[in-house]
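# A predicted structure for the sequence below; I have some questions about it.
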Amino acid sequence: MSHEVAFEPTASIELNEAADFYDLERPGLGTEFLAAVEASLIAVADRPAAFPVELGETRKRVISRFPYSIMYWFDDDTVHVSAIAHHRRRPRYWGDRP
């Protein structure tokens, strides 16, 4: 059974800012980024326990082709996305998020 996906507000902002950045780099690249994120989210929603624990209960799913990871935790029916974390940003900056 697939889990629902819920974004923390800051994670939504990070996702949109990254997509906007990529569109400025090359028109359409932001759409490709969003498609890669969606594919990763489908994998996470289908099998949330399959990806490695990064900190506490937070797990990490690397996004293909892009230097980002989805940081999330899950309960019985929902995957909670805490961050769309760039690999070169300060490590574990998202650690104090719900």
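Thanks, I have it. Keep in mind that what you see is a predicted model, and the values were worked out from it rather than measured. Numbering: from 1, shown residues only.

# hey, which strand is longest across the protein?
strand 78-86 (DSSP state E).

# Who does that strand pair with, and is each partner parallel or antiparallel?
With DSSP bridges as the test, strand 78-86 is paired with strand 4-7 (parallel), strand 68-74 (antiparallel).

# At the geometric centre of this structure, which residue sits there?
Closest residue to the average C-alpha location of the chain: residue 70 at 2.3 Å, with Cα atoms, centre = their mean.

# OK, contacts around it?
If a contact means Cβ atoms under 8 Å, 6 or more residues apart in numbering, then residue 70 has 37, 40-41, 44, 60-61, 63, 81, 83-85 as its contacts. Heads up, the C-betas are built off the backbone N, CA and C, glycines and all.

# Tell me the most packed of those residues, by neighbour count.
Ranked by the number of neighbours (other Cβ atoms under 10 Å), the contacts of residue 70 place residue 84 first, at 27 neighbours.

# what sits up against the lowest-mean-pLDDT helix or strand in the chain?
Sorting the helices and strands of the chain by mean pLDDT, DSSP states H and E puts strand 53-55 at the bottom, at a mean of 92. Contacts to strand 53-55, defined as Cβ under 8 Å, 6+ apart, come from residues 59-60, 71, 92, 95.

# which of the residues in it are buried?
Within strand 53-55, the residues that qualify as buried by neighbour count (16 or more other Cβ atoms under 10 Å) are residue 54.

# What strands line up against the following helix or strand past it, and which way round?
As assigned by DSSP states H and E, the chain's next helix or strand after strand 53-55 is strand 58-62. Under the criterion DSSP bridges, strand 58-62 sits next to strand 53-55 (antiparallel), strand 68-74 (antiparallel) in its sheet.
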